[in-house]
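**Q** give me a model of this one.
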Amino acid sequence: MEYRRFNNTIVARIDKGEEILSQIKEIALKENIKLANVNALGATNNFVVGVFKTAEKKYYSNEFKGDFEIVSLTGTINTMNGEFYTHIHMSAGNDKGEVFGGHLNKAIVSATCEMVINIIDGTVDRYADEEIGLNLFKF
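**A** Presented below is the predicted three-dimensional model:
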């Protein structure tokens, strides 16, 4: 991975074989990012995304392997209990134009991933909401 910072914007290239979420964390910790939004596209050959079933308060994950184009990767970097936290969703399409997506658990880059991180001045922490079953923004 390589990246450059331009004021409050980071432009990153995540390379073949690297895992996207771990690279986001590395950048966020190195740059001391407490609040940001993330957008990316690229290619993956192994990713895991999930869907939260609200009635059960439980995530269900699906793993996909093969050639996929990342058509959308979006989310936030912030904190929970003052520590790094990220919430990312990803959609990826196959050679038939079928798109699969959800809450991102893992994605291995197969060619490249081009990412832009827009840093926001400030902090927004999270808390575990027992009723909803998710970690929500705490203002």
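
**Q** for this structure, longest strand please?
**A** strand 58-80 (DSSP state E).

**Q** show me what that strand is packed against.
**A** Secondary structure elements in contact with strand 58-80, counted by 3 or more Cβ pairs under 8 Å, 6 or more residues apart in numbering; DSSP states H and E, are helix 20-30, strand 36-53, strand 83-93, strand 99-119, strand 125-129. In short, each C-beta sits where N, CA and C put it, glycine included.

**Q** quick one: which of the ones you listed is nearest Asn8?
**A** The closest approach between Asn8 and any of the helices and strands packed on strand 58-80, judged by Cβ to Cβ, belongs to strand 99-119 at 4.2 Å.

**Q** now the angle between strand 58-80 and the closest one, please.
**A** Relative orientation of strand 99-119 versus strand 58-80 (axes from the mean of the first three to the mean of the last three Cα atoms, to 10 degrees): 10 degrees.

**Q** ok so, going back, what inclination does the longest strand of the chain have with respect to strand 83-93?
**A** The directions of strand 58-80 and strand 83-93 differ by 130 degrees, with the same axes, to 10 degrees as the criterion.

**Q** so which bits of strand 58-80 are buried?
**A** Of the residues in strand 58-80, those buried by neighbour count under the rule 16 or more other Cβ atoms under 10 Å are 64, 68-70, 73, 75-80.
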